[in-house]
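A.B. asks: When you get a sec, could you give me coordinates for this:
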Amino acid sequence: MGYSLNFSVVWRNFDKLWGGLVLSLELAVVSLAIGVVIGLVLAVVHVSGGRFTRMAIAVYVEAFRNTPLILLVYLVFYGLPQVVDLRYDATTSFVATLSVYAGAYLVEVFRSGLEAIPRGQIDAGRAIGLTPAQRLFHVRLPAMIRITLPALSNTFISLFKDTSVASVIAVPELTWGAQWINLNTFRIVEAYLMATAMYLATGYVMLFSLRLVERRFRVGRNA
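C.D. replies: Below is the predicted model:
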């Protein structure tokens, strides 16, 4: 029996997809913001800390980068409350998981950016009497951000796609919306084709916007 496409049922339930897309973007933005803080703090500590500190950060980075995100989501949402007396909803659980997951990747991004700063810039800051904190905030961090912008752009787009994993714990993001339409209308092809198109369109808009930011602040361009 042939399968006839019928997008009308998808359009009638388009609010599930649109609301899911908005939530997916919110999850990605919040998780990236928290992940940036985690990654930046640990990268600075890694670069300036001792051997034990670097080893501890390396364990965190490798543990999270080599564990599938879906397993981490299950462990945090279902497993952690069984061990520790914690209560949180699915959205909070996923944001926490994705933030720590993103932080593990961003540690390496920021660390490589800090180590790529020409030594002469840091020595110049020291020569004009800047304190270590002033050199960090006025010399190292601005230069590091410009160096790492392309990697940050890729991380944000990856996080946006990773929000689809939240559907396994019933967070009503875009993939969950497609699943809801499929389960209630049995139009699996139409539901997932529409969700795919929305992921693609949003990803391309994000990529174009981030590339403009990269060109504006790229290394070698005067501010």
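
A.B. asks: so how far is the strand or helix carrying Glu62 from its chain's centroid?
C.D. replies: Using DSSP states H and E, Glu62 sits within helix 51-65. Offset of helix 51-65 from its chain centre (C-alpha atoms, centre = their mean, to the nearest Å): 19 Å.

A.B. asks: and the longest helix anywhere in the chain with helix 51-65, angle?
C.D. replies: Counting by DSSP state H, the longest helix found in the chain is helix 14-48. Angle, helix 14-48 to helix 51-65, by axes from the mean of the first three to the mean of the last three C-alpha atoms, to 10 degrees: 160 degrees.

A.B. asks: Next, the buried residues of the helix holding Glu62.
C.D. replies: Within helix 51-65, the residues that count as buried by 16 or more other C-beta atoms under 10 Å are 57, 61, 64. Using the backbone N, CA and C atoms, a C-beta is placed for each residue, glycine as well.

A.B. asks: And the next helix or strand past that helix?
C.D. replies: Past helix 51-65, the next helix or strand by DSSP H and E is helix 69-74.

A.B. asks: Mind giving me the packing neighbours of that next one?
C.D. replies: When contacts are defined as 3 or more C-beta pairs under 8 Å, 6 or more residues apart in numbering; DSSP states H and E, helix 69-74 sits against helix 90-115.

A.B. asks: In the helix it packs on, which residues are buried?
C.D. replies: Buried residues in helix 90-115 (16+ other C-beta under 10 Å): 91, 93-111, 113-114.

A.B. asks: Likewise for stretch 186-202?
C.D. replies: 187, 190-192, 194-195, 198-199, 202.

A.B. asks: In helices, which of those residues appear?
C.D. replies: In this view, these that belong to helices under DSSP H are 190-192, 194-195, 198-199, 202.

A.B. asks: And those residues, which is closest to Leu149?
C.D. replies: Comparing those against Leu149 with C-beta to C-beta places Thr202 closest, at 19.9 Å.

A.B. asks: Quick check, the closest one in contact with Val22.
C.D. replies: No. If you go by C-beta atoms under 8 Å, Thr202 and Val22 don't touch, sitting 10.3 Å apart.
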